[in-house]
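Asks: Quick one, fold the following:
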Amino acid sequence: MSELTTALVRVVRSPAFKFFLVSFLILLLLIPLLMVTGLIAERENRARGVRAEIARLWGRPQQLSGPFLVVPYTVSGHVMDGNKRIETTIERRAVFLPDKVDVKAKTKSKVLHRSIYRANVYEAQVAIEGRFNSPDLSEVAADAISVRWRDAIVAFALSDVSGLKQAAVMRVNGSQTIPFAPSLGVPAARQSGIHVRLAGAGDAVLPAGDAPPRAFTFNVDLTFSGSSTLDFTPAARETTVALEADWAHPSFSGSFLPVERKISDDGFSANWRVPHLARSVPQAWSLAEQGIDRLNPYGFGVSYYLPIDFYDMVSRAVKYGILFLGLAFMAVFVLELLSGRSVHPVQYLMVGTALVFFYVLLLSLAEHIGFGWAYLVAAVAMATMLSIYVGRALDSARLGAIMAGVLAVTYALLYLILRLEDYALLAGALMGFVMLTFAMFATLKVDWSGRARPPGGGGDA
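Replies: Numbers count the residues shown, from 1 in each chain. Below you'll find the model as predicted:
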């Protein structure tokens, strides 16, 4: 029994047992790391909710679509009353797209604050001009019984009409003006917008009788506010959009990218040209087949991107948490072997808890002073505290300084990895490989069995 007890004590005090115990502590610390991940998600959702509330009050992300010439007409049909077939007429609406649309837009941006949260918003001034050809209903419905040309409307769809800042009118053929009315003017439309009745343009556009409208030009000026994104749709046979903004961090998105762009510290300008062949949408169709929103998938525009999203940066840092814990614990373990003193598992747990708390400190500081400064303050504070703690635990200022150097290099490499983005995985893998190689060769001559005590042997494990 005495020999068994001696063997058991030797195993417990062996470096191999301490190594596996330390590995178990690293796995155990994954639990608080997951809790930190949940905290980041909670704070990010809170920030997203505040931005959505600001956008609701100022103006939501905007997509401007149109114009659409919408014409009501009737076709013959039938309904069943039991087994009896009753002939009737059915009202439908045809949609005609313009031949040409030129959009010139300017936006002024600002960042609104609520408590510690920020939201990027803008005010847009949009000038739209274009031309409609005379519509031919036979392109949509050759069997139409009647067409109510005088009830035709021109409509624009806008994601959030509450962002409109002033009344708008449409100038027809450069002279007649028609004020816009609320809504798209289309029953059961799933989009919000504004519309005008084409009859307001007079006989210059709508001749007497049942004749269709003549070809006409139009000009519209809109002023509205929005947030985050501004998109357009290619409504015309030939659509051009010229956008100027004072925002220095645009992110172009959608189905089409600008053919020309200029970005500087003072803002950006971008130009799009989209022919109708680039979208699978006809120039005319019936709303009975598909709605006005069929152009939405072909939207394009810009996102007013906030360049520093510290929640994403902190979340990425946490993903390297297991590697960071492993490197720090390995450094303490190697220093323990070199010192001949013993670090208690509780002290390892204290070191691991501090390393996990680094991310909480980083998150809380980043919400107030930004990610870069927050990372510097948190890293310096944590490296200083842990190096002093390890130096005192090993009773060696020299080993404490070595631990400070290891932590400084590790924090610096982690920051570099976070900034690399495209090469983050490669840099992380290389760092892990170098550290693993160093640990392997530094412990190459360690007596893992514990049969031989290290010089100046320490106390209990």
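
Asks: what number of residues lie near the closest residue to Leu198 other than its chain neighbours?
Replies: Nearest in space to Leu198, with sequence neighbours left out and distances taken as C-beta to C-beta, 6 or more residues apart in numbering, is Ala152 at 4.5 Å. Quick note: C-beta positions are derived from backbone N, CA and C, even for glycine. Ala152 has 25 neighbouring residues, counting by other C-beta atoms under 10 Å.

Asks: now Ala152: how far from Ser115?
Replies: Distance check for Ala152 against Ser115: by C-beta to C-beta, to the nearest Å, it reads 50 Å.

Asks: do Gly267 as well
Replies: From Gly267 to Ser115 the distance is 28 Å (C-beta to C-beta).

Asks: In terms of neighbours, single out the busier of these two.
Replies: Between Gly267 and Ser115, counting by other C-beta under 10 Å, Gly267 is the more crowded of the two (18 against 9).

Asks: Quick check: beta-bridge partners of Val154?
Replies: Val154 forms beta bridges with Leu69, Val196, as assigned by DSSP bridges.

Asks: Now do it, the pLDDT please.
Replies: Val154 carries a pLDDT value of 93.

Asks: Kindly report the same for the one 4 residues further on.
Replies: On the pLDDT scale, Leu158 is placed at 92.

Asks: Might you report the residue contacts of it?
Replies: By C-beta atoms under 8 Å, 6 or more residues apart in numbering, Leu158 lies in contact with 62-65, 164, 192-194, 222, 224.

Asks: helix/strand/coil for the closest residue to Ile388 other than its chain neighbours?
Replies: Among residues not flanking Ile388 along the chain, Gly400 sits closest, at 6.2 Å (C-beta to C-beta, 6+ apart). When classified by DSSP: H, G, I helix; E, B strand; the rest coil, Gly400 comes out as helix.

Asks: Count the neighbours of Gly400 for me.
Replies: Neighbours of Gly400 (other C-beta under 10 Å): 20.

Asks: any idea whether Leu230 is helix, strand or coil?
Replies: strand.

Asks: isn't it right up against Ala270?
Replies: No - Leu230 is beyond contact range of Ala270, at 10.7 Å (criterion: C-beta atoms under 8 Å).

Asks: Please enumerate the shared neighbours of these two.
Replies: 243, 302.

Asks: residue contacts, Met350?
Replies: Tyr389.

Asks: Please report how far it lies from Ser396.
Replies: 18 Å.

Asks: ditto for Phe324
Replies: 23 Å.

Asks: more neighbours, these two?
Replies: Phe324 (22 against 18).

Asks: Cross-check the contact I'm expecting between that one and Leu413.
Replies: No - taking contacts as C-beta under 8 Å, Phe324 lies outside contact range of Leu413: 9.7 Å.

Asks: looking at it, Phe101 is touching Val126, isn't it?
Replies: Phe isn't right for residue 101; it's Val. No - the pair Val101 / Val126 is not scored as a contact, 11.5 Å apart, by C-beta under 8 Å.

Asks: pLDDT at Leu425, what is it?
Replies: 66.

Asks: same deal with Ser192?
Replies: Reading off the model, Ser192 has pLDDT 89.

Asks: Just give the nearest non-adjacent residue to Arg148, would you?
Replies: Pro72 (4.7 Å).

Asks: Assign that neighbour to helix, strand or coil.
Replies: Classified using three-state DSSP, Pro72 is strand.

Asks: how about the helices in the chain?
Replies: 2-12, 15-28, 30-58, 310-319, 321-339, 345-369, 371-393, 397-420, 424-442 (DSSP state H).

Asks: what mean pLDDT does the third one have?
Replies: Averaged across helix 30-58, the pLDDT comes to 81.

Asks: packing partners for that helix?
Replies: strand 100-114, strand 117-132, strand 216-227, helix 310-319, helix 321-339, helix 345-369 (3 or more C-beta pairs under 8 Å, 6 or more residues apart in numbering; DSSP states H and E).

Asks: what angle sits between that helix and strand 100-114?
Replies: Helix 30-58 runs at 120 degrees relative to strand 100-114, counting by axes from the mean of the first three to the mean of the last three C-alpha atoms, to 10 degrees.

Asks: and helix 30-58, which residues are buried?
Replies: 32-33, 36-37, 39-40, 43-44, 47, 50-51, 54-55, 58 (16 or more other C-beta atoms under 10 Å).

Asks: for Ile263, what are its contacts?
Replies: Ile263 touches 248, 250, counting by C-beta under 8 Å, 6+ apart.

Asks: quick one: it and Val318, what's the gap?
Replies: From Ile263 to Val318 the distance is 32 Å (C-beta to C-beta).

Asks: do Ala408 as well
Replies: Taking C-beta to C-beta, one finds Ala408 at 20 Å from Val318.

Asks: With neighbour numbers in mind, choose between the two.
Replies: Val318 (20 against 15).

Asks: Looks like that one contacts Thr37 (just checking).
Replies: Yes - using C-beta under 8 Å, Val318 makes contact with Thr37 at a distance of 5.6 Å.

Asks: doesn't Leu57 make contact with Ser162?
Replies: No - assessed by C-beta under 8 Å, Ser162 is found out of contact with Leu57, at 9.2 Å.

Asks: what touches both of these two?
Replies: By C-beta under 8 Å, 6+ apart, no residue touches both Ser162 and Leu57.

Asks: what residues are up against His195?
Replies: Counted by C-beta under 8 Å, 6+ apart, His195 has contacts 70, 153-156, 180-181, 183-186.

Asks: could the residues you listed be laid out in CSV, adding distance to Phe371 and neighbour count?
Replies: As requested, the contacts of His195 are exported to CSV (distance: C-beta to C-beta, whole Å; neighbours: other C-beta atoms under 10 Å):
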residue, distance to Phe371, neighbour count
Val70, 49, 23
Ile153, 50, 21
Val154, 48, 28
Ala155, 45, 24
Phe156, 40, 24
Phe180, 45, 21
Ala181, 48, 14
Ser183, 44, 15
Leu184, 43, 25
Gly185, 48, 21
Val186, 47, 21
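
Asks: ok, those residues vs Gly340, which is closest?
Replies: Gly340 has its nearest neighbour among the contacts of His195 in Phe156, at 79.9 Å by C-beta to C-beta.

Asks: Next up, the contacts around that closest one.
Replies: 64-68, 180, 193-195, 220, 222.
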